[in-house]
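Asker: Give me a model of this one.
(one chain, ligands or ions: 1)
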Amino acid sequence: MQLALTLEKIVKRYGATTALGPIDIDVRQGELLTLLGPSGCGKTTTLHIIAGLTTPTEGRLLLNGRNITALAPPYRDIGLVFQNYALFPHRTIAENVAFGLRMRKVPKAEITVRVRAILNVVGLPNVEERYPNQLSGGQRQRVALARALVIEPSILLLDEPLSNLDALLRKKMRLELREIQQRLGITTVFVTHDQDEAFEMSDRVILMNGGHIEQIGSPEALYDSPQTRFAASFIGEASLTPCTIAQVRGDDVVADLGGGMTIPAKAVRPVDGVGSQALLMARPERVTLSEPNATDALPMTISKRVFQGERILFELTAANGHAFQCSVPSIEKYREMQPGLNVGAVLHECRVIPGA
Ligand SMILES: Nc1ncnc2c1ncn2[C@@H]1O[C@H](COP(=O)(O)OP(=O)(O)OP(=O)(O)O)[C@@H](O)[C@H]1O
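Answerer: From the prediction side, this is the model:
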């Protein structure tokens, strides 16, 4: 595994307040790594430190093995795309895209060829002579991407690049962006607070919270094995219930939720043994409904029903008072189920987070 960029013990303090860190991040060659997390968690600060727009209070940055911590932004070999495009309004698209090449004193003839080529890559042939206000939001964002890519940077930084686009275009653009990133094989660090975007686009996701890293992993790993209460509640929908470990065999455990309710689950890391406290995570789409007395099913009552179009979300309440969410496809058999109905619920593929 080749590393493109390393953040070593990076800290950012404003006066007495630590906004970020210490954090360590390794960005692998060619991957798309996403910084995900709620507002104020430190995503932008991290990205700006990589770009050289913010100076870290402590720590080192290595780009392809070279220490760039003290290097000014233009010398960092980094392409940057912001959410507001930041195009020059009175310059043509060709001039906008050519900007970085002109700064680098690339010969004119070569600039023309490279600008045309990169506009083709982002799917915008024949717009060179237009001005930014003659393009749609999605097209402008592709111009901003072309401008960052034309200098052939070692690393591409994307700061919420899709957040100014409407929902439909956003969905289309994230697939396009990912496709371009993979085709070029360009190492990319992407900032978003949108989980769907992070999941669809990333090789790995860094979940941040309060200036520190909560968890790093593939989208699947984050979804399937959240390591903390925060990760379990931030990523996807989940019912989280305190439990006591009743049985342990490797990572297979039985969680005791009280009132005679026990549920088999997988521990996301070794538990502290029988009797230890943990958190049980059940994903709504992994709950199936059957008759109240079906084998293996837990007796519950539908306490709430939310019609969502494609799916129906039920809240189920067990006799011991614990509530669970259950998401089912919007088909006839479920449409008829209303609050007050007694059902049997099977909670599949539950996880146990030790000590959370
Ligand atoms: N110039 C500054 N002075 C003081 N504190 C700052 C400054 N810039 C950022 N912070 C603080 O640093 C923390 C991290 O901010 P940052 O902008 O990196 O968060 P973020 O995850 O990008 O949030 P958002 O999604 O809202 O952009 C926040 O608590 C913020 O208030």
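
Asker: Not including adjacent chain positions, what is the nearest residue to M281?
Answerer: R351 (4.5 Å; C-beta to C-beta, 6 or more residues apart in numbering). In this view, the C-beta of every residue, glycine as well, is placed from N, C-alpha and C.

Asker: And for G273?
Answerer: Closest residue in space to G273, ignoring its immediate chain neighbours: V248 at 6.5 Å, by C-beta to C-beta, 6+ apart.

Asker: what pairs with the one you found across the strands?
Answerer: For V248, the beta-bridge partners are V253 (DSSP bridges).

Asker: And the pLDDT for it?
Answerer: Note for V248: predicted pLDDT of 97.

Asker: What about it, how many residues nearby?
Answerer: When neighbours are counted by other C-beta atoms under 10 Å, V248 registers 17.

Asker: That one contacts V271, doesn't it?
Answerer: Yes - here V248 lies in contact with V271, judged by C-beta atoms under 8 Å, at a distance of 6.0 Å.

Asker: mind checking the end-to-end distance for stretch 192-208?
Answerer: Chord length of stretch 192-208, first to last residue, is 11 Å (C-alpha to C-alpha, to the nearest Å).

Asker: what's next to that stretch, contact-wise?
Answerer: Outside stretch 192-208, the residues that touch it by C-beta atoms under 8 Å, 6 or more residues apart in numbering are 25, 28, 31-39, 41-43, 46, 160, 162-163, 170, 174-175, 177-178, 181, 190, 213-219, 222-223, 230-231, 234-236.

Asker: From those, list just the buried residues.
Answerer: 25, 31-37, 41-43, 46, 160, 162, 170, 174, 177-178, 181, 190, 213-217, 219, 222-223, 230-231, 234-236 (16 or more other C-beta atoms under 10 Å).

Asker: Strands along the stretch 101-250 of the chain, start to end?
Answerer: In the stretch 101-250 of the chain, the strands defined using DSSP state E, counting those that start in this stretch lie at 155-159, 187-192, 204-209, 212-217, 239-249.

Asker: Run me through the strand neighbours of the second one, direction for each.
Answerer: Going back to what we said before, that points to strand 187-192. strand 32-36 (parallel), strand 155-159 (parallel).
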